[in-house]
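Student: Could you look at this predicted model? Sequence included:
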Amino acid sequence: MSFNPALLIPLQILFESYAQNDALEVISLATTDGFPVHTFTSTNHGLEEDSLSAAASTLHSVSNAVSQQILRKNFKVAFIEAQQGNVAFVDLSIDGSSYVLVMSANETLNIASLRLLITRLAAEVVRLSPTTAAASA
Amino acid sequence: MSNLNEVKVGLMEVDGALGCAIVDYTTGMLLASEGAGVDLELAAAGNSEVVKAKLKTMKSLGIEGGIEDILISLDTQIHIIRPSTSNDGLFIYLVLDKAKGNLALARRKTADLEKSMKRV
């Protein structure tokens, strides 16, 4: 599974526009099998892109398995509420391939706002691909 | 342009304001809230269903365009629901004490604050 290289620059620009929000600490797109596509981090926690992508991939699999077993439906969004912030994971499909989008924020951004931002970004990422955008129109 | 906190402060300055909230009606979750009078978390979830039901009814009636506002008069309270134009899927919710508030003024002020609301 490989991300269309032509979409990388628009993706970086999109991530940078969201990174203007000081509350956002991490924005990352990875394949569901754990390979990073692009990551923005504002904090210096020693966070490695590979580890983040692997964690996102694991959570994607677990969330999908749980929602399939309990609801018999595909998962869309998963949240982790931490002591001083939240992390959200969104399932994405671009050009027929599956991806997981990750966004984390500090405690100044509540979970509803984080959900609004990540779902908005997810829709914009999908629209970057002309074929996916045309299919969803 | 105003951020969510400034909108919230502006809403609470309306005469008779008991509580206010900015709500994501796609999930029923609260982005910001202030005041009391009603359980705002519960009201956000319930009124999200009101907005969704209205949109669905408009669609089935073939009415184009969006909702400007929804005004609900109760025995002792007035509730104003105003969807945001700058933030798709959000609405402003204002609860007023009927005895102390003025519907026309509150509606005007809510409209002004909605127009000034920055994109989240």
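Tutor: Good, I have the coordinates.
Student: Now do the strands in chain B.
Tutor: B:17-24, B:29-35, B:70-73, B:77-83, B:90-97 (DSSP state E).
Student: What pairs with the first one, parallel or antiparallel?
Tutor: Which is strand B:17-24. As defined by DSSP bridges, the strand partners of strand B:17-24 come to strand B:29-35 (antiparallel), strand B:90-97 (antiparallel).
Student: could I have the shortest one exported to PDB, CA atoms only?
Tutor: As requested, the backbone C-alpha atoms of strand B:29-35 are provided in PDB (Å, rounded to 0.1, in the frame of the first residue of the first chain):
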ATOM      1  CA  MET B  29     -21.400  16.900  22.100                       C
ATOM      2  CA  LEU B  30     -20.700  20.200  23.800                       C
ATOM      3  CA  LEU B  31     -17.800  22.400  22.500                       C
ATOM      4  CA  ALA B  32     -18.400  25.100  25.100                       C
ATOM      5  CA  SER B  33     -21.000  25.900  27.700                       C
ATOM      6  CA  GLU B  34     -21.800  28.400  30.500                       C
ATOM      7  CA  GLY B  35     -24.500  29.000  33.100                       C
END
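Student: circling back to that earlier point, point out the most buried one among the strands paired with strand B:17-24.
Tutor: strand B:90-97 (a mean of 24; mean count of other C-beta atoms under 10 Å in any protein chain shown). Where C-beta positions appear, they are placed from N, C-alpha and C, glycine not excepted.
Student: Low-confidence bits of the chain, can you list those?
Tutor: Defaulting to chain A. A:1, A:44, A:132-137 (pLDDT under 70).
Student: try 90
Tutor: A:1-4, A:42-48, A:74, A:83-84, A:129-137 (pLDDT under 90).
Student: A:Val100 and A:Ala30 touch, don't they?
Tutor: Yes - contact criterion C-beta atoms under 8 Å: A:Val100 and A:Ala30 qualify, at 5.6 Å.
Student: got the residues of chain B near chain A?
Tutor: B:Leu4, B:Asp24, B:Thr26, B:Thr27, B:Met29, B:Leu30, B:Leu31, B:Ala32, B:Asn87, B:Gly89, B:Leu90, B:Val120 (C-beta under 8 Å from any C-beta of the partner chain).
Student: try 7 Å
Tutor: Within chain B, the positions near chain A by C-beta under 7 Å from any C-beta of the partner chain are B:Asp24, B:Thr27, B:Met29, B:Leu30, B:Leu31, B:Val120.
Student: Assess the claim that the third one and A:Ala112 are in contact.
Tutor: Yes - counting by C-beta atoms under 7 Å, B:Met29 sits close enough to A:Ala112 to count as a contact (3.5 Å).
Student: All set, thanks.
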